[in-house]
Every structure is written in structure tokens, then in C-alpha cells.
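*Asks:* any chance you can model this:
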Amino acid sequence: MKLIFTIVLFVFCVFDAKAKEIKLALTHIPKVLEFGNDNAPYNRFLKAFFEHSNLQPTLEFMPSSRANKLLNEKRIDCIFPIIPTNSRTISTQFSDPINGIRAHIFSLGPAVYTSLQQLRGKQVVYLRGYLFGDVIATEKSIGFFPVTSQQAALGMLKKQRADAYIDYVPDIRFVFNQADLKLLKYDPTAPVIKDFDRLECLNSPQGLEFLNSINRFLVVQKQQGHMTKLLGKYYVETN
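*Replies:* The predicted structure follows:
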């Protein structure tokens with residue numbers, strides 16, 4: 001009888017531990033956060049964190065739109081990276097800022113757009129799966145059109161099938177070559193989103209455990225000046 005009780009207890013503990021396993025959704029960002037790319041900036045950040053932490057969550061790459069849906073359904077515990085949004089229907093918490101992020105409006109000129117109001121009634125392309133805070137949800141008078149790649153977005157601009165293209169800096173530096181970058185016109189002093197990449201987690205024991213662990217790691221890395229080393233030219237100050 002004691003042996004049976006021990007086996008039952010062991011099985012219960014195994015299933016209980018599995019139930020508490022942290023599920024982390026990672027947003028695929030070309031050359032910034034990619035499956036199997038140890039040299040990508042956010043890959044280096046996560047690798048350094050896991051080397052200093054006893055947490056080893058289940059990782060899954062997916063578009064940020066799908067990650068947001070799964071988090072709202074409480075089917076995952078955390079998302080990285082993410083810009084805070086006001087559209088959550090569940091209780092979540094965000095980590096301290098991990099990296100600065102700036103979204104800009106790009107065109108091929110001669111017009112250089114500095115605000116979304118200038119784009120009302122126009123067509124704007126963006127990478128499918130990317131989220132831009134609450135911009136797309138709130139600007140109903142702008143014709144936002146998703147495309148499968150940044151190169152496709154540039155192609156639509158060249159064919160005059162779109163008036164503008166919204167994307168993040170410094171992300172585009174990792175996507176386009178120098179010739180294409182020179183074609184894109186924008187005002188570097190007028191971002192439509194000025195925020196930070198963070199980790200977002202459910203307000204649950206698993207989520208908060210992971211969040212607190214990340215925050216402790218960030219404090220040490222910033223105090224020791226290691227964020228620039230981890231993220232390289234992708235790092236934007238968070239002060």
C-alpha cells in the first residue's frame with residue numbers, strides 16, 4: 001500500500017510540475033530574434049538570461065498577433081518582445097524596459113510624414129504579424145495593409161500601391177541593404193511610437209516568477225553596462 005501511495009504521489013508531482021511549466025512566446029523579428037540564430041541581439045540577451053537563471057521555459061516562435069491572442073486566452077504565460085497595449089482583456093504585468101523602440105513612417109518621398117494624421121485616407125503597409133501598440137486599432141481612417149515581408153512593403157511603395165510604410169528603427173537596419181535604406185525617407189525626430197520592448201506575463205504565479213527573474217537580471221546587466229554588449233547596435237537607451 002505504501003508503494004502504491006508513493007507511485008501515485010510521484011505521478012501527481014510530475015503532472016503538477018508540468019502544469020506549472022512556463023510557456024514563453026517569442027516574436028520572430030528578422031535578424032533580431034530568430035530560431036537558431038545565436039548571433040541575433042535578442043537571442044544573445046535570452047541566452048545570457050537563461051545561463052544566469054534556473055528557469056527554462058518552453059519557447060515557441062510565432063507572430064506577435066498570434067502571441068497576443070494566446071495570451072488573452074491564457075494559453076501561454078509570457079510574450080517577448082512586446083510594446084505595452086491598452087487592449088488587454090486579462091490581468092498582465094510588464095517587465096522593466098529591456099530596449100528602446102521607435103516606430104516611424106517611411107515613404108519614398110517627396111513627402112516625409114511626421115504624424116499619423118497626415119495619412120488619413122491613405123494606404124499604409126506594415127509587416128503581417130507585427131503590432132504597433134494601439135495605432136492600427138485606433139486609426140480607423142487609415143487603410144492599413146499587411147504584407148508578408150519588409151521587401152514586399154518596399155515593393156508596394158515603388159509600385160505606388162501604398163503611400164507609406166510603418167516599421168521600427170533599428171529593426172529595418174537588419175533587413176534592408178544600404179541602397180534600399182537610402183530610398184526610404186523619414187523624420188528620425190518624429191516617431192509615431194516611442195516606447196520600450198518589454199516582457200509581458202500573466203498575473204499568475206508562473207508569470208510573475210519569470211517576470212521577477214528577468215527584472216533582477218536587467219538590473220545587474222544595466223548596472224554593469226552589459227546591455228550594449230548583448231544587443232550591440234540594436235540597443236537603444238531606456239533611461
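
*Asks:* can you pull out the helices in the protein?
*Replies:* Secondary structure of the chain by DSSP state H: the helices cover 2-19, 41-51, 64-72, 135-138, 150-158, 178-183, 205-223, 227-231.

*Asks:* CSV for these, including distance to Pro81, mean neighbour count and mean pLDDT?
*Replies:* All C-beta atoms are positioned from the backbone trio N, CA, C, and that covers glycine. Shown next, in CSV, are these (distance: least, C-beta to C-beta, whole Å; neighbours: other C-beta atoms under 10 Å; pLDDT from 0 to 100):
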stretch, distance to Pro81, mean neighbour count, mean pLDDT
helix 2-19, 26, 9, 36
helix 41-51, 7, 18, 95
helix 64-72, 8, 18, 90
helix 135-138, 17, 15, 80
helix 150-158, 17, 18, 95
helix 178-183, 22, 10, 94
helix 205-223, 11, 17, 94
helix 227-231, 11, 17, 92
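
*Asks:* CSV please, covering the ones you listed and showing distance to Tyr113.
*Replies:* Conversion of the helices of the chain to CSV gives the following (distance: least, C-beta to C-beta, whole Å):
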stretch, distance to Tyr113
helix 2-19, 49
helix 41-51, 28
helix 64-72, 23
helix 135-138, 13
helix 150-158, 12
helix 178-183, 15
helix 205-223, 34
helix 227-231, 28
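
*Asks:* what comes up buried for the biggest strand by length in the chain?
*Replies:* The longest strand of the chain (DSSP state E) is strand 193-202. By neighbour count on 16 or more other C-beta atoms under 10 Å, the buried set for strand 193-202 is Ile193, Phe196, Asp197, Arg198, Leu199, Glu200, Cys201, Leu202.

*Asks:* got JSON lines for those residues, with pLDDT too?
*Replies:* Formatted as JSON lines, the buried residues of strand 193-202 follow (pLDDT from 0 to 100):
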{"residue": "Ile193", "pLDDT": "88"}
{"residue": "Phe196", "pLDDT": "90"}
{"residue": "Asp197", "pLDDT": "92"}
{"residue": "Arg198", "pLDDT": "93"}
{"residue": "Leu199", "pLDDT": "95"}
{"residue": "Glu200", "pLDDT": "96"}
{"residue": "Cys201", "pLDDT": "96"}
{"residue": "Leu202", "pLDDT": "96"}
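
*Asks:* go through the residues you listed and name the one nearest Lys233.
*Replies:* Asp197 (15.1 Å; C-beta to C-beta).

*Asks:* if I pick the closest one, what's in contact with it?
*Replies:* Phe80, Pro81, Ile82, Ile83, Pro97, Ile98, Asn99, Gly100, Ile101 (C-beta atoms under 8 Å, 6 or more residues apart in numbering).

*Asks:* tell me the one among the buried residues of strand 193-202 nearest to Ile172.
*Replies:* Ile193 (14.1 Å).

*Asks:* check contacts around the closest one.
*Replies:* Ile83, Ile101, Arg102, Ala103, Phe132, Gly133, Val135.
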